[in-house]
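Novice: output the structure for:
(chains A and B)
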Amino acid sequence: MRTRIQVEGLAKAYRIGTEIQIEDSMIGSMVNFLKSPLSNFRRLRNQSRFDSFEDPDIIWPVRDISFKVDDGEVVGVIGRNGAGKSTLLKLLSRITDPTRGSATIYGRVGSLLEVGTGFHPDLTGRENIYLNGTILGMKKREIDEKFDEIVAFSDVAQFLDTPVKRYSSGMIVRLAFSVAAHLEPEILIVDEVLAVGDASFQKKCLGKMQNVASHGRTVLFVSHNMAAINQLCDRCLVLEKGRLIYDGEATEGVDHYLKIGAAETTCGAYQIDPAAARRSDCKGQITRIELQDLDNGTSGSFGIGEPFQIRVHVTCYDRISMAVVGAEIMAANGTPMLNLRSDSQNIPLGPYSAGDEVIFTIQVPGLPLYPGLYRIDPWFGERRGKRIDQIRDAVSLSLEVKGRLQAEHLIQPGRAIMLMDCEWTDAVVTKANQ
Amino acid sequence: MANSDTAQTPLSEHCIVIVPTKGWKLIAWQELIEYRDLLYFLVLRDVTVLYKQTIFGFAWALMNPVFSMLVFTVIFGALGKLSTDGQPKSVFYYAGVLPWTYFQGAMSASANSLISGANIFSKVYFPRLFIPLVPIISKLLDFGIAFLLMIVMMVWYRIMPTTNLVFLPLLVLLLILTAAGMGMWLSALSIQYRDVRYAVAFCVQLLMYAAPVVWTATSVPEKYRLIYGIYPLAGIIDGFRVAILGGRPMPWDLIAVGSVSAVVIFLTGAFYYRRTERIFVDVA
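Specialist: Residues are numbered from 1 along each chain as shown, chains lettered A, B, ... in the order given. Below is the predicted model:
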């Protein structure tokens, strides 16, 4: 076995809001310059100090991570939002510089942190294939050789000479992914790109990744999709608050990760960090989510079929004439179970104006699902379901055996996913003669 | 084990060590060469996108210099009656406007390149130095097109080029060096201090009047000539005009001093850029 990636004590720090010792304006910088002997002294002193992990002005998205990846390994990286997954990948792809520690990489790296980096809307599909390919590190000759394959994989052959601004968003994603999929580095670093495209295309992408892995290349793969991690990876790294808390076999790692989720689930109320990276546009943000029983008691666990309510607090930054609110409910491994949305019942919500704080309450008559841990991703949007904000991976709910469904050993999910509290009667129609 | 190692593609050439970078770095020529295909496609993208969905297409490359020339001919030539070295006014102004337009366009685009390219370089690694250099190269196309009109005008006015024309490539090289050096300085500064971006917009105006675009460098008093020559565009633009139109000897004093400062601007720009590039992603 040959080592491909060797990471030792890697850490990355940011001053809150900006990088260490950087002023945003010329004046600030000049003042800084005048004070520089003093601040230089402070900086140097801090640099040699061990306890700087505790400095409240500095955040460490990645702190002191060490691991080693060998040839042909497919390693999943999982962790909650803000655990440092993306920063780790950025460090390994040389996009940003580490503050401490080192990483040694043996081989050519292809990193896919975004689908379609450098795509220009005015260029044709053909021109974008070359541009995007070379940005990802391919040579023109390599693209020439694989050009037909790339086009075939993307299914956009007849639009090859059309500017991509006339493409549908699905076509752009397909084209971009097929360029990336034909990158053939020894080490592939992938960040959640499978979260795009429709189901059949996602399946195709997973197949392609499996193919890459089976050719003995090393893959580092960040995902929130536990099913994909289980399916693709032999090993996984679990990050929590910038630290590596688990490194080992994949299924065990996924369980471990879900357990951290479970430990925090009982609270049932979640304050949402407005700065957390997520899909949201400037029209409004979800600020808080609560799970409550019908007496407004906040809780994170409910019985099977027990009614509860999801309360979504939203602050509007702009006028929203018609709102749609919803919640996606997923099994712990990411399999979608339910998608509740107000527009499916034509519920009129809104209008709201800028500055309004609104609480949406979704009364759920009970989840007819097997006991276990479920994720709730609430979202809200405008008319036709155009999303304004969505919280992923923040809220989980534990469904427990309560009430009439008591025989716990019998209530195990097999191939089925739903479970119901039914009424059972019998009536002997004809009594046999004795 | 050793056998299987040698059987695979040699890895040692592709060993990357990622550690905190400190201090000053030289230009990594080898890496730039390795990524040359990317440079080609980035330049191609710039060039292709520029005049897409326009009616006049590449004719736009002529609009800027031609209109500047017309304005200067009327205001400074006809109304202000500034000396034009005894040359026809329109040719005189066009010969100054031509290198200036390239310099201004290339430097401004280069200064803004990091800010507008942040969405690319924060997602993938490639030599960051390409970002400010791409506009410097792609604007050469406009320069070439505008130069064709220069030839047409010379034929029209029956101006015979002198042997000094052979120095034209040297002057263009100096022009490129200066624009690239300024571009590296300004782009690296403006990604961190957005003040620079706004300052560039109006400083460009001042720089034009400081260069011998609308006037001739012969009007600079003798004792200040060498000091004036520190501004690289003094020698470049004046030399450009003499190399094409002739009429007096090449201003070698200005060019000599200017070449030194052009090289200094280029090298310091490259060093400063390389030194600050590690924080680009964090401050972008």
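Novice: number of nearby residues for residue B:141?
Specialist: By other C-beta atoms under 10 Å in any protein chain shown, the residues close to residue B:141 number 16. (Each C-beta comes from the backbone N, C-alpha and C, glycine too.)
Novice: so which elements touch the host helix or strand of it?
Specialist: Per DSSP states H and E, residue B:141 falls inside helix B:130-156. Where contact means 3 or more C-beta pairs under 8 Å, 6 or more residues apart in numbering or on different chains; DSSP states H and E, helix B:130-156 is packed against helix B:36-50, helix B:60-72, helix B:89-116, helix B:168-192.
Novice: residue A:315: which of those is closest?
Specialist: Residue A:315 sits nearest to helix B:89-116 of all the helices and strands packed on helix B:130-156, at 29.8 Å, using C-beta to C-beta.
Novice: what residues of the helix holding residue B:141 count as buried?
Specialist: B:130-143, B:146-147, B:149-150, B:153-154 (16 or more other C-beta atoms under 10 Å in any protein chain shown).
Novice: give me the angle between that helix and helix B:36-50.
Specialist: Helix B:130-156 and helix B:36-50 are oriented at 60 degrees to each other (axes from the mean of the first three to the mean of the last three C-alpha atoms, to 10 degrees).
Novice: now the angle from helix B:130-156 to helix B:168-192?
Specialist: Going by the same axes, to 10 degrees, helix B:130-156 is angled at 140 degrees with respect to helix B:168-192.
Novice: average pLDDT for helix B:130-156?
Specialist: The average pLDDT within helix B:130-156 is 94.
Novice: off-centre distance for it?
Specialist: Relative to its parent chain, helix B:130-156 has a centroid offset of 11 Å by C-alpha atoms, centre = their mean, to the nearest Å.
Novice: next: stretch B:43-56.
Specialist: Between the mean C-alpha location of stretch B:43-56 and the chain-wide mean there is a distance of 19 Å, by C-alpha atoms, centre = their mean.
Novice: for it, what is the average pLDDT?
Specialist: Per-residue pLDDT over stretch B:43-56 has a mean of 87.
Novice: just stretch A:347-356 next, same as before
Specialist: Averaged over stretch A:347-356, pLDDT sits at 87.
Novice: next one: stretch B:84-91
Specialist: In this model, stretch B:84-91 has a mean pLDDT of 86.
Novice: next, the distance between the ends of it.
Specialist: This stretch, stretch B:84-91, spans 9 Å end to end (C-alpha to C-alpha, to the nearest Å).
Novice: that one: which residues count as buried?
Specialist: Using 16+ other C-beta under 10 Å as the test for burial, stretch B:84-91 gives B:84-85, B:87-91.
Novice: quick check: the farthest pair among those?
Specialist: With distances taken as C-beta to C-beta, the most widely separated pair in these is B:85 and B:90, at 13.2 Å.
Novice: which ones are touching the most centrally placed residue in chain B?
Specialist: When C-alpha atoms, centre = their mean is applied to chain B, the residue found nearest the centroid is residue B:179 (2.9 Å). Residues counted as contacts of residue B:179 (C-beta atoms under 8 Å, 6 or more residues apart in numbering or on different chains) are B:102-103, B:106-107, B:110, B:136.
Novice: one more: residue A:395?
Specialist: Applying C-beta under 8 Å, 6+ apart, one finds that residue A:395 lies in contact with A:270, A:289, A:291, A:375-378.
Novice: so of the residues you listed, which ones are in strands?
Specialist: Among these, DSSP state E puts A:270, A:289, A:291, A:375-378 in strands.
Novice: out of those residues, which end up buried?
Specialist: Members of those classed as buried by 16+ other C-beta under 10 Å are A:270, A:289, A:291, A:375-378.
Novice: out of those, which one sits closest to chain B?
Specialist: Set against chain B, the nearest of these by C-beta to the nearest C-beta is residue A:377 (24.6 Å).
Novice: and the closest one, what are its bridge partners?
Specialist: residue A:328 (DSSP bridges).
Novice: looking at it, it is touching residue A:393, isn't it?
Specialist: Yes - using C-beta atoms under 8 Å, residue A:377 is in contact with residue A:393, at 7.3 Å.
Novice: show me what from the stretch 101-250 of chain B comes close to chain A.
Specialist: B:119-126, B:192-196 (C-beta under 8 Å from any C-beta of the partner chain).
Novice: in the helix or strand hosting residue B:205, what's buried?
Specialist: Taking DSSP H and E as the criterion, the element that holds residue B:205 is helix B:195-210. Buried residues in helix B:195-210, counted by 16+ other C-beta under 10 Å: B:196-197, B:199-200, B:204, B:207-208.
Novice: and the gap between residue A:402 and residue A:422?
Specialist: In this structure, residue A:402 and residue A:422 are 16 Å apart, going by C-beta to C-beta, to the nearest Å.
Novice: okay, the two: which has more neighbours?
Specialist: The neighbour count for residue A:402 versus residue A:422, taken as other C-beta under 10 Å, is higher for residue A:402 (15 against 9).
Novice: mind checking pLDDT for that one?
Specialist: pLDDT for residue A:402: 70.
Novice: so it: helix, strand or coil?
Specialist: Following DSSP: H, G, I helix; E, B strand; the rest coil, the label given to residue A:402 is coil.
Novice: was I right about it contacting residue A:304?
Specialist: Yes - assessed by C-beta under 8 Å, residue A:402 is found in contact with residue A:304 at 6.8 Å.
Novice: let me see the contact set for residue 218.
Specialist: All of this is about chain A. Here residue A:218 is in contact with A:4-5, A:69-75, A:107, A:186-188 (C-beta under 8 Å, 6+ apart).
Novice: hmm, no, I was thinking of chain B.
Specialist: With contact set as C-beta under 8 Å, 6+ apart, residue B:218 has these partners: B:83, B:85, B:248.
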